[in-house]
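Colleague: Build me a model:
(4 chains)
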There are 4 protein chains.
Amino acid sequence: MNKSYLNFRTDMADERVDTYKRVHNLSEIDGIKVDSKINGKINTTIVDVLNENGKQAVGKEIGKYVTIEIQDVEYLEESEKETLINELGNNLEILVDSVLNNQENKSILIVGLGNETVTPDALGPKVVSYVDITRHLLKYAKEYVEPGTKEISGISPGVLGTTGIETSEIITSIINKISPNLVIAIDSLASMSVSRVGKTIQLSNTGITPGAGVNNKREALDKNSLGIPVIAVGVPTVVDMATITNEAIDKLTDNIKSEATTYMNHGIDSDKVKEIIELFENDNRYTMIANVLNTENYIVTPKEIDSIIAKISEIIASGINTALRPA
Amino acid sequence: MNKSYLNFRTDMADERVDTYKRVHNLSEIDGIKVDSKINGKINTTIVDVLNENGKQAVGKEIGKYVTIEIQDVEYLEESEKETLINELGNNLEILVDSVLNNQENKSILIVGLGNETVTPDALGPKVVSYVDITRHLLKYAKEYVEPGTKEISGISPGVLGTTGIETSEIITSIINKISPNLVIAIDSLASMSVSRVGKTIQLSNTGITPGAGVNNKREALDKNSLGIPVIAVGVPTVVDMATITNEAIDKLTDNIKSEATTYMNHGIDSDKVKEIIELFENDNRYTMIANVLNTENYIVTPKEIDSIIAKISEIIASGINTALRPA
Amino acid sequence: MNKSYLNFRTDMADERVDTYKRVHNLSEIDGIKVDSKINGKINTTIVDVLNENGKQAVGKEIGKYVTIEIQDVEYLEESEKETLINELGNNLEILVDSVLNNQENKSILIVGLGNETVTPDALGPKVVSYVDITRHLLKYAKEYVEPGTKEISGISPGVLGTTGIETSEIITSIINKISPNLVIAIDSLASMSVSRVGKTIQLSNTGITPGAGVNNKREALDKNSLGIPVIAVGVPTVVDMATITNEAIDKLTDNIKSEATTYMNHGIDSDKVKEIIELFENDNRYTMIANVLNTENYIVTPKEIDSIIAKISEIIASGINTALRPA
Amino acid sequence: MNKSYLNFRTDMADERVDTYKRVHNLSEIDGIKVDSKINGKINTTIVDVLNENGKQAVGKEIGKYVTIEIQDVEYLEESEKETLINELGNNLEILVDSVLNNQENKSILIVGLGNETVTPDALGPKVVSYVDITRHLLKYAKEYVEPGTKEISGISPGVLGTTGIETSEIITSIINKISPNLVIAIDSLASMSVSRVGKTIQLSNTGITPGAGVNNKREALDKNSLGIPVIAVGVPTVVDMATITNEAIDKLTDNIKSEATTYMNHGIDSDKVKEIIELFENDNRYTMIANVLNTENYIVTPKEIDSIIAKISEIIASGINTALRPA
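Modeller: Numbers count the residues shown, from 1 in each chain, chains lettered A, B, ... in the order given. Sure thing, here's the model as predicted:
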């Protein structure tokens, strides 16, 4: 049985569920609940990882994963944009409420993960730059602040390669200093499919692993490591090159297998052909390709990534502002 | 015989020569002369396409192609940068002199091809923004201009998708208006190999086809279409996704073939294995992959492309300034 | 009489009308009609320059000037943004219809004036990058285009200092090649007042003088020079430094004059004081200040100009798209 | 006596020394030592504030201030750039050695102050992005690091307005976590004179007050507040608008005074004229102008600030890399 899919580099819970179902030929997975709804151009899918079995199956922590998918962020009308921001804001608000338990004095630290100077990795820092920050106003100019305003602070800690400091070290230091109740962390993600890049927003209440998208994976940011809940907001902005190559070979071998009978004139029986073809389908193929390509420093991304990042980061910031505004 | 290499998407003359030699197992090609020299970290290769046979073999017009390769533009010392700028300037000056035939009043139009808002396609416009422009000074403030200063003008015409106008239409209009003797056109190119991206500068005296790198190919800009010589300066900034996948499969099949004897235990003789494997090597594979991936809107590029473009565009502009300065 | 106001560097018709009225103590000007309305946070003022007298009074060509003023583009809700886009789109559509006289096959060239690499001057090129361009689709893919779609093309010709070519030369060349019926030109403007920077959009049907805002004034782009009507869309992004200094001195002398009686203890009668103070109010003061400051290379701009330009250019592009969409 | 100069907003020690000397008509100040030298296009001035008297006179802490001035960073040849980088590197190395006292294991935190999204305030973050960071390499890949390499880390903490957290809180948290021996902080500064903007680098061993240039002043970063020495590197990128207006009025009143005899025909004696003119020279004028203009959100900056910041930040990073490289 082919398990190489487990190596597929994707941070999207729904893709992992779909792949597991497809490979195991299942319509349901014990420990995984999936709901979805459509609102105009917006598809929302909620994956609940309910137990250890679900976690093992899809390789994602127990918790809730909301995927909001839009057709094309480049061509949204203002009213569609507003609908999207509300959908995002509402789902985020539900996640925030679920982890904050109606604490009175909410203090929330927004963390923009990623490297500002690498376009597809700049999502987090850009979002933070658009979020309404209030902590300093509450401290120095409280009289100008609407009652009920939550204490919002923000930081873009950079990446290990440009700071020399683990992102988790920076975040922990700041949490110790300013004692927020919650972190909302924004990061670029990797998807399995080029068609989802820049078009999908994933929310979860299980924390995040910085650098999963563009950089190397670092220590997780979650309740375990930080001591406070972490809500993650991510957008796939790249696809791993080995993943794409792997997928291309899958499709090539499918083509060849489906025409196996035509190989009779090679004097070999079609079962043997299939057997050989399966050499291309072994479990280590992903790793083999990754090694062959030596591609860790290269990314696959849409041509319009600059404008996609500009637009989706404004939308996400507006969604966060909507979710956190005074009740 | 495998000719699918002809579909490999590369604009680099030296890659096409190497591939042709490798595939045909040749050490020389009739109609192609190759010279190369090393100067510290800088490799310069000059490919002369001398006749129709050479042109057919490598799919490049008759003329001269200079490839200047550097180890890593991200980590050049100032003195290495200066050496590179001089190497570029000298080679460019030779090409300019070869097409301008010592005309007295040289007027040169610098054309920055590509889309400023797409990072890997912004090379041309960025270079133009750094080139020393003199036409207006010669016209309105001649007393401040050093004697012997050439008339330099510059334009970044955008791309068809953002202007709705063919780049060649815009350039032709402007040439009709200001009557330069020469166009120097700068564009992003595609390479076959990720390792050359951002590290190689190709000069040629044969003109250029805009959009060969990041966008769709458009009408050529050359002496035929514009009526004046066109020197092209290009840097590979992307690799076509299908090219990379194709290369990965090549390496996989090589691996499998080299271990063909180990397949004995599958009960098939190793020649048969090779025969089947060759199904993966047919002439249409590149097209098949390109169709399967449906990837025309996606690019493979180094993570650091933003900073690579920033640095190499300054270097190219300095090289052009060096080549065109008053004698 | 103090006429130095005529030197005030402003491109805003309504500011010129207000200043003329104030200086001459008038409530109406012969040849100038002013209308205004308020729609939520949006103020729209329409100045009609009706005759030669009005033209002389305010120094603006005969025609219509629409000024749309918003409170703060940085903090617009999505719904306010939509209202603004519609207000802009509707006013622009009226201007377009007034000059195009219901021609059947409308072809419109959008011209983004200004220098992309100078933030406050980048408005025009940025707007063009967001406008829906259709000319190439109508030419190469007509089957995908909605019936009634106008032929829209776009160009950002750069500025004289970076191209060496007069902007009017480039535009004329392209008009000769592609024969549009109308030019819509977008440019950064100068205002008299820092408080209007980035918050005001001016439309007019009288053409535009490139570089009025950030760069030196160049040849006008209008029906006279181009042979087709020119609608101008502009946003003030800078204030001239001498204008601000001038204004500061005005306010200082006002302060001193209003306290003239307190100067009695200097042993001079207050009329004499006023007389001397008027030395500061002579006609050449603006020029004197401009010379003293030698400030042509410096600009006064809001700190947030990067984000203002990013936001307002999207809004203007959406307004243009609204005005030009198929009927 | 006119003391309004003390309100002039400048962070440059040499400007404060010159102004103090001019206003008090002194050629020397007790407690201030000034040295300068010229190296080609580069002027280096070293101001030593030696005692409390010097500190009071110029309003700068006791310590050393090195000002490196270049003619025009936009038009430096590569070799001039290298000279500048070496001049900067050597002076910085001397300052570093003076505060680190030959400690064996040097760990240095580079702090990029300022707001990345506001062009003239982006200097600090941009410099950090170009500095060679080694802390993570020493930790995770020591075998690849040259012996003697110092431990370099870097952080761009943002500004209070976008993080809600005092910059000093963030820096203190990180210092507690990673225990460096020295901070090198880079920030945009304000100068009195537009002609120095982007052309002057000031180094000092006395710490820095973030936001002095573009934003509001915040708590100082120095040995007192952080517990470790702080070397500051700054470049003036803006001039305060009130400073410029003040200067313009100075020049106007000088003009008027120098022509005082011509006022005889106003029937007032010229001494009286001077007396009145002095009303414009009172101590509160700067504050008065600042209030009148209400300009805290506006900046005066060169048109080319985008390209100046891009170039000078690379130069400063190279200078830091030179100063900190393995001995």
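
Colleague: Wait, residue A:14 touches residue A:49, no?
Modeller: No. Here residue A:14 does not reach residue A:49: they are 11.3 Å apart, not a contact under CB atoms under 8 Å. Quick note: C-beta positions are derived from backbone N, CA and C, even for glycine.

Colleague: pLDDT score for residue A:200?
Modeller: pLDDT, residue A:200: 93.

Colleague: Contact partners for it?
Modeller: Residues counted as contacts of residue A:200 (CB atoms under 8 Å, 6 or more residues apart in numbering or on different chains) are A:12, A:67-70, A:191, A:235-236.

Colleague: Present the residues you listed as a markdown table; the columns should include distance to residue A:247.
Modeller: Formatted as a markdown table, these follow (distance: CB to CB, whole Å):
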| residue | distance to residue A:247 |
| --- | --- |
| A:12 | 15 |
| A:67 | 20 |
| A:68 | 24 |
| A:69 | 19 |
| A:70 | 23 |
| A:191 | 12 |
| A:235 | 21 |
| A:236 | 15 |
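
Colleague: I'd like to know which of the residues you listed are part of strands.
Modeller: A:67-69, A:191, A:235-236 (DSSP state E).

Colleague: Check what contacts the lengthiest helix in chain A and list those residues.
Modeller: When chain A is parsed with DSSP state H, its longest helix is helix A:78-100. Residues outside helix A:78-100 that contact it (CB under 8 Å, 6+ apart): A:39-42, A:44, A:64, A:66, A:68, A:70, A:76, A:106, A:108, A:181-182, A:184, A:201, A:203-205, A:229, A:231, A:233, A:315-316, A:318-324, C:78-79, C:81-82, C:85, C:318.

Colleague: Pull out the buried positions in it.
Modeller: Residues A:78, A:80-89, A:91-93, A:95-96, A:99-100 are the ones in helix A:78-100 that count as buried (16 or more other CB atoms under 10 Å in any protein chain shown).

Colleague: angle of the helix or strand just after that helix against helix A:78-100?
Modeller: In the C-terminal direction, the helix or strand that comes right after helix A:78-100 (DSSP states H and E) is strand A:107-112. If you take axes from the mean of the first three to the mean of the last three CA atoms, to 10 degrees, strand A:107-112 sits at 120 degrees to helix A:78-100.

Colleague: How far does strand A:107-112 sit from its chain's centre?
Modeller: 18 Å (CA atoms, centre = their mean, to the nearest Å).

Colleague: cool, and stretch A:40-48?
Modeller: 14 Å.

Colleague: Please list the residues outside that stretch that contact it.
Modeller: A:13-14, A:17, A:32-38, A:58, A:60, A:63-71, A:76, A:80, A:83-84, A:87, A:91.

Colleague: and what of stretch A:133-146?
Modeller: Where contact means CB under 8 Å, 6+ apart, the residues beyond stretch A:133-146 that reach it are A:107, A:110, A:149-154, A:178, A:326, D:160-166.

Colleague: Strands of chain A, start to end?
Modeller: A:32-39, A:42-49, A:63-69, A:107-112, A:151-155, A:182-191, A:200-204, A:230-239, A:298-302.

Colleague: Show me what the third one is packed against.
Modeller: Packing partners of strand A:63-69 (3 or more CB pairs under 8 Å, 6 or more residues apart in numbering or on different chains; DSSP states H and E): helix A:13-24, strand A:42-49, helix A:78-100, strand A:200-204.

Colleague: got the domain boundaries for chain A?
Modeller: Per automatic domain parsing, the structural domains of chain A span A:4-243+A:299-323, A:244-293.

Colleague: Just say which of those domains is most tucked in.
Modeller: domain A:4-243+A:299-323 (a mean of 20; mean count of other CB atoms under 10 Å in any protein chain shown).

Colleague: Count the residues that sit near residue A:327.
Modeller: Residue A:327: 7 surrounding residues under other CB atoms under 10 Å in any protein chain shown.

Colleague: Mind pulling up the pLDDT for it?
Modeller: At residue A:327, pLDDT is 72.

Colleague: Report the contact partners of it.
Modeller: By CB under 8 Å, 6+ apart, residue A:327 lies in contact with residue A:148.

Colleague: Output the contacts of residue A:200 in JSON lines, with pLDDT appended to each entry.
Modeller: Compiled in JSON lines, the contacts of residue A:200 are given as follows (pLDDT from 0 to 100):
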{"residue": "A:12", "pLDDT": "84"}
{"residue": "A:67", "pLDDT": "95"}
{"residue": "A:68", "pLDDT": "95"}
{"residue": "A:69", "pLDDT": "92"}
{"residue": "A:70", "pLDDT": "87"}
{"residue": "A:191", "pLDDT": "82"}
{"residue": "A:235", "pLDDT": "93"}
{"residue": "A:236", "pLDDT": "91"}
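
Colleague: Nearest to residue C:27 among those?
Modeller: residue A:70 (53.1 Å; CB to CB).

Colleague: State the distance from the closest one to chain C.
Modeller: 15 Å (CB to the nearest CB, to the nearest Å).

Colleague: Ok, residue A:231 next?
Modeller: 23 Å.

Colleague: list the contacts for the nearest residue to that residue once chain neighbours are set aside?
Modeller: In space, and not counting its chain neighbours, residue A:231 is closest to residue A:184: 4.8 Å by CB to CB, 6 or more residues apart in numbering or on different chains. By CB under 8 Å, 6+ apart, the contact list for residue A:184 reads A:92, A:96, A:108-111, A:230-233, A:320.

Colleague: So what sits opposite residue A:184 in the bridge?
Modeller: residue A:110, residue A:231 (DSSP bridges).

Colleague: gap between it and residue A:160?
Modeller: 21 Å (CB to CB, to the nearest Å).
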